[in-house]
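Enquirer: Sequence and predicted structure below; questions after.
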Number of protein chains: 2
Amino acid sequence: MSVQITPAELEIMKIIWARPGLGASEIAEALTDQQDWTIKTIKTLLTRLVEKGALATTSEGRRFLYTPKIARKTYQKTAASQLVDRLFNGRAAPLVAQLADARGLSEEDIAELEALLGRLKS
Amino acid sequence: MSVQITPAELEIMKIIWARPGLGASEIAEALTDQQDWTIKTIKTLLTRLVEKGALATTSEGRRFLYTPKIARKTYQKTAASQLVDRLFNGRAAPLVAQLADARGLSEEDIAELEALLGRLKS
DNA sequence: TTCTGTTGACGACATTTGTAGTCGATCCTA
DNA sequence: TAGGATCGACTACAAATGTCGTCAACAGAA
């Protein structure tokens, strides 16, 4: 089983993926916009992520700096595969069809998807 | 917030989406392949799904028949949108790219995606 | 040097989730 | 008709999750 990251923990991971090597208080600061957590909550989540092996720590003086141990892309692949398997019988096209139906695809998405398909067919 | 369905509950939903109007014991039977749950567990999950508003019941004699109150497609859309928002900045193309990278796309998926893109561009 | 604020370690506690068990009513079988 | 099977309602309980609190150690400010 790959590491299980909960929704709350994922918010932390996203910060650290974007800027690896932050300390707890800087992460808290980066999260003030999105979340209304106390530093205590954030530290608990960080500890759990380290326990789970999703983050690694480096000591800097008496504090820790956190870096991802699981790459963003790795996690994206796992999560996307899980969704496709659990809800779409392993098929990608119906997933995209539902997405397009639910919220449309941007021009950018359409262009990128075409490029991707072109690459896959050659 | 749309109804939150847990992984275990989703297994139940999938059976009922496939064949609406089953009773608890028939659902249990349909699940014997995939899951190793007792009928008790299944009944608990059914109760919770009814409480959550994901299933509706009809009485048939002294038992209940279960039908979806949330359509499969509706749930698919919600789940797909959530994933895309939480992990892919709302973009569909990177999701498909990661999927392709993680497990490849079938010929069928590629053909369907092309058809879908064609439709979207016109 | 003393006070104050910050840090990680550890503890806490309600809610959700997974997985059953008990119980009284009822239906079916012998 | 009597005893077991089955039904839904209710209860149980550990693990995971979300959200903080306490505490001892330490670092910087006054």
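Expert: Nice, thanks for sending it over.
Enquirer: Now do the strands in chain A.
Expert: Secondary structure of chain A by DSSP state E: the strands cover A:22-23, A:55-60, A:63-68.
Enquirer: counting contacts, what elements does the second one pack onto?
Expert: Secondary structure elements in contact with strand A:55-60, counted by 3 or more C-beta pairs under 8 Å, 6 or more residues apart in numbering or on different chains; DSSP states H and E, are helix A:39-52, strand A:63-68. Where you see a C-beta, it was placed from the backbone N, CA and C, and this is true even at glycine.
Enquirer: mind listing what's buried in that strand?
Expert: Applying a neighbour-count criterion of 16 or more other C-beta atoms under 10 Å in any protein chain shown, the buried positions in strand A:55-60 are A:55, A:57.
Enquirer: Do any residues in that strand lie close to DNA strand C?
Expert: No. Under the criterion of C-beta under 7 Å from any atom of the strand, DNA strand C is not reached by strand A:55-60; the shortest gap measures 7.8 Å.
Enquirer: Run the angle between that strand and strand A:63-68 for me.
Expert: For strand A:55-60 against strand A:63-68, the angle by axes from the mean of the first three to the mean of the last three C-alpha atoms, to 10 degrees is 150 degrees.
Enquirer: how about the strands of chain A, which one is nearest residue B:44?
Expert: Between residue B:44 and these, the shortest gap by C-beta to C-beta is with strand A:55-60, which sits at 34.9 Å.
Enquirer: what are the pairing partners of that closest one, and which direction each?
Expert: Looking at strand A:55-60 with DSSP bridges, its partner strands are strand A:63-68 (antiparallel).
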